[in-house]
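Peer 1: Let's see this in three dimensions:
(2 chains)
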Amino acid sequence: MESDTSENYEDFYTEEDAQKHEKLVDKVLRLNKTQHIRKPSRTEPTLQISEFNLVKSSGGDKGSVEINDLTKSLRNRKSRLRISENVKRAHKASHTLPKPLEKPQANKIRRTVAYEKTRLELDRWEATVTANRVSTNLSFPLNDDVKMDQKESENFASMWRVKSKLAEELEKHEPTVEEYHISLEQEEFPLTMKEMLARRKEAAKLRAYQGYKEAKARRQNKIKSKKYHRIQKREKIKKKLKEFEQLQKTNPEEALKKLEEIEKSRIEERFSLRHKSTGKWARNQQIRAKYDKESRQNLAQQLTLSRDLTQKSKTNGSSSEEEDEDVEKAPMGIDETNPWVNGVKPGKEVADFISGYRKYWLEQNKTAQKSDAEKTEDVLENSENVDSNLIKLDQPESNKNVLLKKKKQKVVTSDLSFDVEETVEKLEKDKKVPQKKKKQKRNEQMNNSKSTSEWEVSLVENGEAVEDMFKRAENKLKKKMLRNVKQLKKKLVPKTLAKLQREVAKDKVKVDLSLPIQKKTPQIDEALIENIDAEIRSNEELSNLKTILSSQTKQKPCDIDPEKYLKINPTNLATAIPNIVTNEEVDDQRAVISEAFEDDDIVDEFNKDKSNEADKDKPKNINLTLPGWGSWGGTGVKVNKRKKRRFTLKAPKKIPRKDDNKGFLIINESAQNKVKEHMVSEVPFPFKTVKDFEASVRAPISNTFMPETAYKKLIKPAVTTKMGTIIEPMSKDLLLNKNS
Amino acid sequence: MGKVQRYFNKTEDISPSSKTSPSKDTIVYNIKPKLKPWGRRQSDKVINKKKKVVKLPNPNPKFKGKVPIPKKRLKKYARGEGINKTGIKTKIHQKKFEKKEKVIKFAAQQAARAEVLLIEEEGFLEADAGETTTQFTQKQIRENVDITAASKCFDLRLEDFGPYRMKYTRNGRHMLLGGKRGHVAAFDWVTKKLHCEINMMESVHDVCWLHLETMFAAAQKEWVYMYDNQGIELHCIKKLHRVTRMEFLPYHFLLAACSDMGYLSWLDISIGQMVSQFNSRLGRLTMLTQNPWNAVLCVGHVKGVVSMWSPNSKDPLAKMLCHKAPLTALHVDPRGQYLATAASNRELKIWDVRKLEGPVQEYKLITAANNLNFSQKNMLALGMGNVVEVYRDCCTTATKRPYLRHRFTTSIGNLNFCPYEDVLGVATAKSVTSLLVPGSGEPNFDALEANPFQTKSQRKEAEVKSLLEKIQPELITLEPNVIAEVDIPTLKDKIDAKQKLLHVKPPKINYTPRNKAKGKGGSAKIAKNKKIVQEQAKKEFVKSTKDFIPKLNIQKEQQKESGVLDRFLPKKRKT
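Peer 2: Residues are numbered from 1 along each chain as shown, chains lettered A, B, ... in the order given. All right, here's what the predicted structure looks like:
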């Protein structure tokens, strides 16, 4: 208790000091004119705590109040022990949340997670994809698990049986009724995309047609020509009559009603003065009719109309005949008014033709109208349905399209140049060793350079750089050689130390060291290390390797004429001696002579030929000296020897020929030039080496060389598709293991 | 109770003591076997483990499956070493080529299996002890063979029209003979049905069948003429002037001819175009054969040299000094392995034509051979004066004795083995004879290649097919497989060019921007400008370097050659 109070006191004092201190600071700060934002401090306890006021005190960690510190004060009280424990536990269990990451970092993490997720998802497909890519033949659709209805009809077996007469007779009496069960469920399947599109297309077509019709009708309604309307009206009436006739046949009751109507209209027509020659208009027309052909026609038409309308409609009986007559009359009616045709009756044939034509035309019109009407009605209904469907489907459909359109870009990375280098290495194995080294080095450089860009490759200037390169190569070689030597020594010393020493002693006594060097020219290569046994013998040369380096290392091609060793002794054949010899004795004599001189003559000539041929193919030195360039020129002025030497490009000494060691054989190597056009001059893609490519085309494919079964396998197309089936993209079901 | 107790009514009287009374010797362990191994990992293992069923083959099955193919026969049909898997780039391609390799292997096996179908075997003459086959005369042979074979031995006495030459068709069914004094006849020699017989009224130097038995060519006094099998003249080819010998290359549809003036010419008979014609600069050419393996023409020369020619170069592909005396005859065997040459110094040599090496065998004759001919089974017929001798196995081993010998009354003009028959046709000065040589012809024929029993429709079919498979004359080289190889020199050049290009470096540009007024261009802007200028220079340089690359495959603008078949080419679209 005491201690507590003392502490309180201290606190009190310190508080007061602090206040004083603050005041002082304030005053000092006020001296400076710039405003300082003061930290908010809580003064009153409120329910609402502003988050802005929850700021760490300026003192940092020291200043902040920890709960533990608070609970420390409860430590000693037993009743509060519980509380402090609880607080402790809570403190232990709950950690303060870490500070959220900054946005770019968070995004990065999110991206990596997403990548990993998708990668794993895609990895599942890897096996199937590779299997498909590897397979020599893919036949689409891939999943052949289309469920086939394997249910056979009940009378499947009976199909093969020949029925007896009795059975046939029985069947006649009791015909078996075949029942067809059409499952309605099948109809309820949602329409496929194709069907939907087709339906929509049809609907659109019909809508367009309808619109066109409507537009036409509107246009026609707008026409102000009386004549036109008249004609229209007449046509309408005719149509009605026709319809009526049709009705008579099909629906007599309806027809009766119609008849009544018609009758009514006729009565009306009869008692009215319309379409008579008594009206004002008609009288005017009559006056004009004398001079005007048109008015005459109009009048005539009017009268015919009235006649038509007032005529009693035929009910039954010989309607077809009547109709024919009527039809025949119609053209006559028109002709009546025509003054030019008037009186001249058309021939029967003409009339027949016209009537027939008219009949045909009427019929045609009729059917067309009918069908149109029907169609429009039907289609309108359909289109409504389809439209509703389409509206539903439109959304996913469009999505699908988008997906389909997206294609994966296949990135083919062909690392051609690299392979080419390899081939180079292979090709130049037979070349000189130092050259090879140089080349390898160059390749290395290339490799290095390739990583950055194609163009930033080490500079090679003509003269010095090359020399430098040579020097470097030489240095490298020397180093390598020294290393080899060391290795060799290491290997050799423990094994043949005694032997060596003895030999060295012998050498000291007897032989000059430098003598045998020129004879034996070891190849500078890695191979050196491997065959130790061979090296033991030439041990004395080790010390002189440097000198060997400078000398030419190329081995001479062995110049052994196999002719000398592979000579076959001629066997004498006991042939029959012919009675008649085509070549006469003169020839025989000549033969004897030629035999005597054969070696001098024919062989020499051939050898000369061969050497000539070899010379022709040999690359020649190119002299690039320009006379008069840097010195005097003209006749009689000799070009400097040094200059000549400097400006001649030296050709390689000897290029191996195919016929080098073949004795009496000359092979023309330039003769193949025409085939070269057809040959492959690059190693194509999946191959790394020339040899492998050649191996891939070593076997022919055609069935003249291959058995038919193998041929069929070889020419199987990579992809085959089944006609009339939908090739759907692979589904995830494919990844499921069906066996388990 | 008299009733016998039934077994199901029996009460169990087996005493427990007798059933399971553990004797004192045996110790009983009560083991509770664990159904599952404990622990999560263990159980996982068990689930994953499936029973492995090892199927062992039945040690003595009733049917033993496919008969294994002998290794030697497999090797015969093998296509050589396959692709090394590591030599192919992606794994997918590796797999693909593995599959292809399997098919190729399968093909070889099938081919080896199919050899069972070649049931015919060639015959031979068997001599008794103390006899040699050389003793047998044609008469004896004829008496001892069946009627059909005997009918194949006949003799046509043609007294008037001078030394004859004769040739068989590729299927061996038809014979064409031409007499020096103008008699040309074509006939089916098996049925002895004459196709045509003409008197040319001028000298005939050589006759040659074309791709079918319906057409043949005759080298007459001045020019070469072509006739059909009815003897109607189809063409007179004036470009082939004073031809001495002719050869027909069936796969290339080329009629090759050598002339009196030393000209070699190749005429494509499918399109009627002269493929190539030039002077060989060897003087008069009288010996000509083709190498069936690579369709190269072999020409014999007085200087003992055999030169090999293709229509693609005016120099010979190869020259071989075969004899140190004038050559008299040469022939290449139908498989293209051996070349036989005979010279006036009574030598006969067999060479390896594929390697151009030799001689494989060397013989010394008593008289010089004027005619040589190989049969399909590598029998060699020699014509010397009026004697014909046939040798067997003379290429691989040195024979001593002739297989058969026949003597004529007049000197031999020309001799030919009939393909797919054991017959040797010999044309002499006053007769044309066909001799029986047992075992000379190939007994099994490939009907798709050459069918002796060809019907008319088959012939038509074969003609169309062979035309479709015609080989271009450019492919006539010493090594026919060269087309399946990589042109290594060009590849080298290409690589070199590429490397050269890599070492060219764009020039550095020192760009000093001019001073600008204050505020117009900061240091950043200057640096940017500098970069732009340098970049531009670099680009230009790269563009210009494209001209440095040596153009390796410059496609020359070929002048439009108006060939006969050009009308079948796709028309150029107007764009």
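
Peer 1: State the number of residues packed around the closest residue to B:Arg354 other than its chain neighbours.
Peer 2: Taking Cβ to Cβ, 6 or more residues apart in numbering or on different chains, and ignoring the residues beside it in sequence, B:Arg354 has B:Gln337 as its nearest neighbour in space, at 6.3 Å. All C-beta spots, glycine's among them, are computed from the backbone N, C-alpha and C. Using other Cβ atoms under 10 Å in any protein chain shown, B:Gln337 has 20 other residues around it.

Peer 1: ok, now the one 4 residues further on?
Peer 2: The tally of other residues near B:Thr341 (other Cβ under 10 Å) stands at 27.

Peer 1: Can you give me the pLDDT of whatever residue of chain A ends up closest to chain B?
Peer 2: Nearest residue of chain A to chain B, counting by Cβ to the nearest Cβ: A:Pro578, 2.6 Å away. pLDDT, the model's per-residue confidence, is 81 for A:Pro578.

Peer 1: try the one 3 residues further on
Peer 2: Reading off the per-residue confidence, A:Val581 sits at a pLDDT of 65.

Peer 1: And for the one 4 residues further on?
Peer 2: The predicted local confidence for A:Glu585 comes out at a pLDDT of 45.

Peer 1: just for the stretch 351-500 of chain A, where's the confidence low?
Peer 2: When residues are selected by pLDDT under 70, those of the stretch 351-500 of chain A lie in A:351-361, A:365, A:367-470, A:488-500.

Peer 1: so what's B:Pro489 up against?
Peer 2: Residues near B:Pro489 by Cβ atoms under 8 Å, 6 or more residues apart in numbering or on different chains: none.

Peer 1: Sticking with B:Leu156, tell me its helix or strand.
Peer 2: Per DSSP states H and E: B:Leu156 is located in strand B:154-157.

Peer 1: just checking, what packs against that strand?
Peer 2: For strand B:154-157, the elements it packs on are strand B:431-436, judged by 3 or more Cβ pairs under 8 Å, 6 or more residues apart in numbering or on different chains; DSSP states H and E.

Peer 1: how about the helix or strand just after the strand it packs on: buried residues?
Peer 2: Taking DSSP H and E as the definition, the helix or strand that follows strand B:431-436 towards the C-terminus is helix B:456-468. Judged by neighbour count using 16 or more other Cβ atoms under 10 Å in any protein chain shown, the buried positions of helix B:456-468 are B:Ala462, B:Ser466.

Peer 1: For helix B:456-468, list the C-alpha coordinates in CSV.
Peer 2: Provided in CSV are the C-alpha atoms of helix B:456-468 (Å, rounded to 0.1, in the frame of the first residue of the first chain):
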residue,chain,number,x,y,z
LYS,B,456,-4.9,-56.7,-121.9
SER,B,457,-6.6,-54.8,-119.1
GLN,B,458,-3.7,-55.6,-116.8
ARG,B,459,-1.4,-54.2,-119.3
LYS,B,460,-3.3,-51.0,-119.6
GLU,B,461,-3.4,-50.7,-115.8
ALA,B,462,0.3,-51.3,-115.5
GLU,B,463,1.0,-48.7,-118.2
VAL,B,464,-0.9,-46.1,-116.4
LYS,B,465,0.6,-47.0,-113.1
SER,B,466,4.2,-47.0,-114.4
LEU,B,467,3.6,-43.6,-116.0
LEU,B,468,2.4,-42.2,-112.8
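
Peer 1: Can stretch B:170-185 be said to contact chain A?
Peer 2: No: shown here: stretch B:170-185 not in contact with chain A (Cβ under 8 Å from any Cβ of the partner chain), separated by at least 13.1 Å.

Peer 1: Quick one: mean pLDDT for that stretch?
Peer 2: Averaged across stretch B:170-185, pLDDT comes to 95.

Peer 1: for it, the distance to its chain's centre please.
Peer 2: Here the centre of mass of C-alpha atoms in stretch B:170-185, compared against the chain's by Cα atoms, centre = their mean, to the nearest Å, lies 27 Å away.

Peer 1: Would you agree A:Pro100 is in contact with A:Ala106?
Peer 2: Yes: contact criterion Cβ atoms under 8 Å: A:Pro100 and A:Ala106 qualify, at 7.3 Å.

Peer 1: on that earlier part again, now do the strand holding B:Leu156: everything it contacts.
Peer 2: The list of residues contacting strand B:154-157 from outside it, by Cβ under 8 Å, 6+ apart, reads B:Leu177, B:Lys192, B:Lys430, B:Ser431, B:Val432, B:Thr433, B:Ser434.

Peer 1: quick check, nearest of these to chain A?
Peer 2: Minimum distance to chain A across the contacts of strand B:154-157 is 11.3 Å, recorded for B:Lys430 (Cβ to the nearest Cβ).

Peer 1: Enumerate every residue touching the residue nearest to that closest one when sequence neighbours are not counted.
Peer 2: Leaving aside its chain neighbours, B:Lys430 sits nearest to B:Thr410 (4.7 Å; criterion: Cβ to Cβ, 6+ apart). Applying Cβ under 8 Å, 6+ apart, one finds that B:Thr410 lies in contact with A:Ile580, B:Asn386, B:Thr428, B:Ala429, B:Lys430, B:Ser431.

Peer 1: likewise A:Glu728?
Peer 2: For A:Glu728, the residues meeting the contact criterion (Cβ under 8 Å, 6+ apart) are A:Pro141.

Peer 1: For it, give me the pLDDT.
Peer 2: At A:Glu728, the predicted lDDT confidence score is 85.

Peer 1: cool, the one 3 residues further on as well?
Peer 2: Note for A:Ser731: predicted pLDDT of 84.

Peer 1: Would you state the helices of chain B in chain order?
Peer 2: Under the criterion DSSP state H, helices of chain B are mapped to B:16-19, B:40-48, B:71-77, B:91-113, B:138-144, B:147-151, B:456-468, B:488-502, B:523-545.

Peer 1: Quick check: which of these is nearest to A:Glu253?
Peer 2: Minimum separation from A:Glu253 across those (Cβ to Cβ) falls at helix B:456-468, 77.3 Å.

Peer 1: quick one: average confidence on the closest one?
Peer 2: The average of the pLDDT scores along helix B:456-468 is 95.

Peer 1: hmm, who's touching that helix?
Peer 2: Judged by Cβ under 8 Å, 6+ apart, the contacts made with helix B:456-468 from elsewhere in the structure are B:His211, B:Leu212, B:Glu213, B:Thr214, B:Pro250, B:Tyr251, B:Phe253, B:Ser270, B:Ala447, B:Leu448, B:Asn451, B:Gln454.

Peer 1: Just give me the neighbour total for the last one.
Peer 2: Spelled out, it's B:Gln454. For B:Gln454, the number of neighbouring residues by other Cβ under 10 Å comes to 18.

Peer 1: Taking the stretch 351-500 of chain B, what residue is nearest to chain A?
Peer 2: Going by Cβ to the nearest Cβ, chain A is nearest to B:Gly385 of the stretch 351-500 of chain B, at 2.6 Å.

Peer 1: now stretch B:254-269: mean pLDDT?
Peer 2: Mean pLDDT, stretch B:254-269: 95.
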